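**Q** sequence unknown, structure follows:
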(Lines give C-alpha, C1' and ligand atoms only; values in the text may rest on other atoms or scores of the structure.)
Protein backbone atom coordinates (compact mmCIF):
# COMPACT_ATOMS: atom_id res chain seq x y z
CA UNK A 1 0.00 0.00 0.00
CA UNK A 2 1.47 3.33 -1.06
CA UNK A 3 0.70 6.53 0.88
CA UNK A 4 1.41 10.09 -0.12
CA UNK A 5 2.67 12.19 2.73
CA UNK A 6 2.38 15.95 2.96
CA UNK A 7 4.83 17.58 5.33
CA UNK A 8 4.53 21.08 6.69
CA UNK A 9 7.61 22.75 8.13
CA UNK A 10 7.11 25.43 10.71
CA UNK A 11 10.06 27.72 11.30
CA UNK A 12 10.25 29.43 14.66
CA UNK A 13 12.88 32.09 15.09
CA UNK A 14 15.24 32.03 18.02
CA UNK A 15 15.36 35.79 18.48
CA UNK A 16 14.73 38.96 16.56
CA UNK A 17 16.11 38.26 13.09
CA UNK A 18 15.10 37.28 9.56
CA UNK A 19 15.69 33.84 8.08
CA UNK A 20 15.77 32.51 4.56
CA UNK A 21 14.72 28.94 3.85
CA UNK A 22 13.54 26.87 0.92
CA UNK A 23 9.75 27.19 0.75
CA UNK A 24 9.27 24.83 -2.18
CA UNK A 25 6.93 21.88 -1.73
CA UNK A 26 8.57 18.47 -1.66
CA UNK A 27 6.64 15.37 -2.66
CA UNK A 28 7.70 12.21 -0.88
CA UNK A 29 6.27 8.78 -1.55
CA UNK A 30 6.66 6.27 1.23
CA UNK A 31 6.19 2.53 1.12
CA UNK A 32 5.67 0.45 4.26
CA UNK A 33 8.97 0.23 6.13
CA UNK A 34 10.68 3.09 4.26
CA UNK A 35 12.27 6.02 6.01
CA UNK A 36 12.94 9.38 4.36
CA UNK A 37 15.12 12.08 5.89
CA UNK A 38 14.43 15.66 4.86
CA UNK A 39 16.85 18.43 5.74
CA UNK A 40 15.85 22.06 6.06
CA UNK A 41 18.31 24.90 6.58
CA UNK A 42 17.31 28.31 7.92
CA UNK A 43 19.89 30.98 7.05
CA UNK A 44 19.98 34.15 9.18
CA UNK A 45 19.70 37.34 7.11
CA UNK A 46 20.29 41.05 7.58
CA UNK A 47 19.06 44.15 5.78
CA UNK A 48 21.68 46.71 4.79
CA UNK A 49 20.83 50.35 4.09
CA UNK A 50 23.31 52.97 2.97
CA UNK A 51 24.28 55.73 0.59
CA UNK A 52 27.26 55.74 -1.78
CA UNK A 53 29.06 58.99 -2.55
CA UNK A 54 31.96 59.78 -4.85
CA UNK A 55 33.78 63.02 -4.05
CA UNK A 56 30.77 64.12 -2.01
CA UNK A 57 28.27 63.54 -4.83
CA UNK A 58 25.65 60.75 -4.87
CA UNK A 59 26.74 57.76 -6.96
CA UNK A 60 23.83 56.79 -9.21
CA UNK A 61 23.49 53.35 -10.81
CA UNK A 62 26.39 51.59 -9.08
CA UNK A 63 25.95 47.80 -9.03
CA UNK A 64 26.33 46.20 -5.58
CA UNK A 65 27.18 42.50 -5.20
CA UNK A 66 27.38 40.38 -2.07
CA UNK A 67 23.71 40.15 -1.20
CA UNK A 68 21.22 37.42 -1.95
CA UNK A 69 20.56 39.33 -5.19
CA UNK A 70 22.58 42.14 -6.79
CA UNK A 71 21.44 45.66 -5.98
CA UNK A 72 22.05 49.14 -7.31
CA UNK A 73 21.99 52.71 -6.11
CA UNK A 74 19.23 55.16 -6.98
CA UNK A 75 19.65 58.77 -8.12
CA UNK A 76 20.47 59.82 -4.54
CA UNK A 77 23.10 57.08 -4.14
CA UNK A 78 20.86 55.15 -1.72
CA UNK A 79 20.68 51.36 -1.65
CA UNK A 80 18.98 48.54 0.23
CA UNK A 81 20.36 45.02 0.16
CA UNK A 82 19.41 41.73 1.80
CA UNK A 83 22.44 39.60 2.72
CA UNK A 84 23.36 36.58 4.76
CA UNK A 85 24.27 37.64 8.29
CA UNK A 86 27.81 36.26 7.87
CA UNK A 87 28.73 38.38 4.82
CA UNK A 88 31.97 40.30 5.39
CA UNK A 89 32.23 42.53 2.32
CA UNK A 90 30.17 44.06 -0.46
CA UNK A 91 31.57 44.68 -3.94
CA UNK A 92 30.60 47.89 -5.73
CA UNK A 93 31.07 47.93 -9.53
CA UNK A 94 31.66 51.39 -10.98
CA UNK A 95 30.97 52.47 -14.57
CA UNK A 96 34.70 52.85 -15.26
CA UNK A 97 35.36 49.16 -14.54
CA UNK A 98 36.72 49.61 -11.03
CA UNK A 99 35.61 47.43 -8.11
CA UNK A 100 35.35 48.88 -4.58
CA UNK A 101 35.23 46.66 -1.49
CA UNK A 102 33.00 47.79 1.38
CA UNK A 103 33.54 46.03 4.71
CA UNK A 104 30.34 45.00 6.52
CA UNK A 105 30.51 45.09 10.30
CA UNK A 106 28.72 42.24 12.11
CA UNK A 107 25.54 43.14 13.97
CA UNK A 108 25.37 42.71 17.73
CA UNK A 109 21.59 42.34 17.68
CA UNK A 110 18.65 42.76 15.34
CA UNK A 111 18.74 42.40 11.58
CA UNK A 112 18.95 45.98 10.23
CA UNK A 113 22.38 47.45 9.55
CA UNK A 114 22.47 51.14 8.69
CA UNK A 115 25.78 51.66 6.95
CA UNK A 116 25.23 55.39 6.47
CA UNK A 117 27.11 57.53 3.94
CA UNK A 118 30.09 55.78 2.36
CA UNK A 119 32.62 57.92 0.50
CA UNK A 120 34.10 55.62 -2.16
CA UNK A 121 37.18 57.86 -2.46
CA UNK A 122 38.10 56.58 1.04
CA UNK A 123 37.62 52.81 0.51
CA UNK A 124 39.71 50.20 -1.27
CA UNK A 125 39.04 50.33 -5.04
CA UNK A 126 40.96 48.47 -7.75
CA UNK A 127 40.64 48.18 -11.52
CA UNK A 128 38.91 45.04 -12.73
CA UNK A 129 41.98 44.03 -14.74
CA UNK A 130 45.57 45.05 -14.19
CA UNK A 131 48.55 44.79 -16.51
CA UNK A 132 48.70 44.95 -20.31
CA UNK A 133 45.06 43.94 -20.71
CA UNK A 134 42.57 46.73 -20.18
CA UNK A 135 38.82 46.87 -20.07
CA UNK A 136 37.32 50.00 -21.55
CA UNK A 137 34.26 51.17 -23.34
CA UNK A 138 34.77 51.70 -27.04
CA UNK A 139 33.09 54.56 -28.87
CA UNK A 140 31.15 53.54 -31.96
CA UNK A 141 33.32 54.00 -35.01
CA UNK A 142 31.79 54.84 -38.38
CA UNK A 143 33.19 52.61 -41.07
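**A** Looks like it arrived, so ask away. These numbers come from a predicted model, not from an experiment.
**Q** Tell me where this structure has strands.
**A** 3-5, 18-20, 28-30, 43-54, 57-58, 63-65, 71-72, 78-84, 89-93, 98-103, 112-119, 124-127 (DSSP state E).
**Q** Columns distance to residue 36, mean pLDDT and mean neighbour count on top of those strands, output as JSON lines?
**A** For every residue, glycine as well, the C-beta is placed using N, CA and C. Below are these laid out as JSON lines (distance: least, C-beta to C-beta, whole Å; pLDDT from 0 to 100; neighbours: other C-beta atoms under 10 Å):
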{"stretch": "strand 3-5", "distance to residue 36": "8", "mean pLDDT": "54", "mean neighbour count": "9"}
{"stretch": "strand 18-20", "distance to residue 36": "24", "mean pLDDT": "67", "mean neighbour count": "15"}
{"stretch": "strand 28-30", "distance to residue 36": "5", "mean pLDDT": "77", "mean neighbour count": "11"}
{"stretch": "strand 43-54", "distance to residue 36": "23", "mean pLDDT": "89", "mean neighbour count": "18"}
{"stretch": "strand 57-58", "distance to residue 36": "53", "mean pLDDT": "94", "mean neighbour count": "12"}
{"stretch": "strand 63-65", "distance to residue 36": "37", "mean pLDDT": "94", "mean neighbour count": "17"}
{"stretch": "strand 71-72", "distance to residue 36": "38", "mean pLDDT": "94", "mean neighbour count": "16"}
{"stretch": "strand 78-84", "distance to residue 36": "28", "mean pLDDT": "92", "mean neighbour count": "18"}
{"stretch": "strand 89-93", "distance to residue 36": "39", "mean pLDDT": "93", "mean neighbour count": "17"}
{"stretch": "strand 98-103", "distance to residue 36": "43", "mean pLDDT": "90", "mean neighbour count": "16"}
{"stretch": "strand 112-119", "distance to residue 36": "38", "mean pLDDT": "91", "mean neighbour count": "14"}
{"stretch": "strand 124-127", "distance to residue 36": "48", "mean pLDDT": "86", "mean neighbour count": "12"}
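**Q** Would you tell me which of the ones you listed gets closest to residue 37?
**A** strand 28-30 (10.1 Å; C-beta to C-beta).
**Q** Report the distance from the closest one to the chain centre.
**A** Offset of strand 28-30 from its chain centre (C-alpha atoms, centre = their mean, to the nearest Å): 35 Å.
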